[in-house]
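[1] Need a 3D model of the sequence below.
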Amino acid sequence: MNDGNIYDIGQSVNGVSRFLYLDNNWYYARSVVFKYNYDESQLIDLINLDEDAVVKLIGNIFTDDELRLGLDFSQSPEILSLIRESKLNELGI
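    Below is the predicted model of the structure:
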């Protein structure tokens, strides 16, 4: 698992099947991104083990501009700070 990866876990939790892994935290990743509020170890196990081969890596918010721009981070401003920091580092600023 890499920072910024979005996974579709093939099942839904509170109506959401896509999750963002970032800075050792999990976030729901539908149109509005917000913090996952359950036992994160269950998501980690599901993605790492993927015994049924249903988990799909959708992309990474640091490398896929279209994916990132399709998400609303207003509920998670800490993510915006991490994205900004990453982009500034890319530019050497």
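[2] the helices in the chain, which residues?
    Secondary structure of the chain (DSSP state H): helices located at 40-49, 65-69, 77-91.
[3] Return the set of buried residues in the longest one.
    Right, helix 77-91. For helix 77-91, the neighbour count (16 or more other Cβ atoms under 10 Å) marks 79, 82-83 as buried. The way it works is simple: take the backbone N, C-alpha and C, and place the C-beta from them, glycine included.
[4] likewise the second one?
    With burial defined by 16+ other Cβ under 10 Å, the residues of helix 65-69 counted as buried are 67-68.
[5] Quick one: list the elements packing against that helix.
    strand 56-60 (3 or more Cβ pairs under 8 Å, 6 or more residues apart in numbering; DSSP states H and E).
[6] List the strands paired with the strand it packs on, with their directions.
    strand 5-13 (antiparallel) (DSSP bridges).
[7] Tell me what angle the strand it pairs with forms with helix 40-49.
    Using axes from the mean of the first three to the mean of the last three Cα atoms, to 10 degrees, the direction of strand 5-13 lies 110 degrees away from that of helix 40-49.
[8] Restricting to C-alpha, output strand 5-13 in PDB.
    Below are the C-alpha coordinates for strand 5-13, written out as PDB (Å, rounded to 0.1, in the frame of the first residue of the first chain):
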ATOM      1  CA  ASN A   5      -3.700   4.900  -3.400                       C
ATOM      2  CA  ILE A   6      -7.400   4.500  -3.800                       C
ATOM      3  CA  TYR A   7      -8.800   1.000  -3.700                       C
ATOM      4  CA  ASP A   8     -12.200  -0.400  -4.600                       C
ATOM      5  CA  ILE A   9     -12.700  -3.200  -2.100                       C
ATOM      6  CA  GLY A  10     -15.500  -4.900  -4.100                       C
ATOM      7  CA  GLN A  11     -18.000  -4.400  -1.200                       C
ATOM      8  CA  SER A  12     -19.600  -1.400   0.400                       C
ATOM      9  CA  VAL A  13     -19.200   0.000   3.900                       C
END
